[in-house]
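Let's see this in three dimensions:
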Amino acid sequence: MNTLIPISEQTIDQETVQTVNARDLHAFLEITSKFADWIKNRIKECNFRENIDFIGFSKNLEKGGRPSIEYHITLDMAKHLSMIERNDKGHEARQYFIKC
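Just a heads-up that it's a prediction; the model follows:
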């Protein structure tokens, strides 16, 4: 199986689960809105919960400036986000996560 979006393992709620970086999913789905706006809106409208559906942590930029927040999301959350985008890339990503 081709790797469309890298999958890693993270500990969420004391359990090791497969996750994807939400920025990678955002890029793959070819979302036109800014990442920070997209992820915050999706978390709110879909009622995703931190430390259950995703973990977030600050990442300092190499060149200074404001730190960014990285989100590692469970495969279930990734499938859900892919499905609600309602485009070919979303369908492709959802099928990929189902096979993982």
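
Output the lowest-mean-pLDDT helix or strand in the chain as PDB, restricted to C-alpha atoms.
One helix or strand of the chain scores below all others by mean pLDDT, DSSP states H and E: strand 54-59, with a mean of 90. Listed next in PDB are the C-alpha coordinates belonging to strand 54-59 (Å, rounded to 0.1, in the frame of the first residue of the first chain):
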ATOM      1  CA  PHE A  54      -6.200  14.400  19.200                       C
ATOM      2  CA  ILE A  55      -3.200  15.800  21.100                       C
ATOM      3  CA  GLY A  56      -1.800  19.200  20.500                       C
ATOM      4  CA  PHE A  57       1.600  20.600  21.400                       C
ATOM      5  CA  SER A  58       3.500  23.800  20.800                       C
ATOM      6  CA  LYS A  59       6.400  23.700  18.300                       C
END
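
Please report how far Arg23 lies from Gln14.
To Gln14, Arg23 is 25 Å away according to Cβ to Cβ, to the nearest Å. For the C-beta atoms, the positions are set from N, CA and C on the backbone; glycine is no exception.

what's the neighbour count on the residue nearest to Asn51 when sequence neighbours are not counted?
Among residues not flanking Asn51 along the chain, Asp13 sits closest, at 5.5 Å (Cβ to Cβ, 6 or more residues apart in numbering). Per other Cβ atoms under 10 Å, the neighbour tally for Asp13 reads 10.
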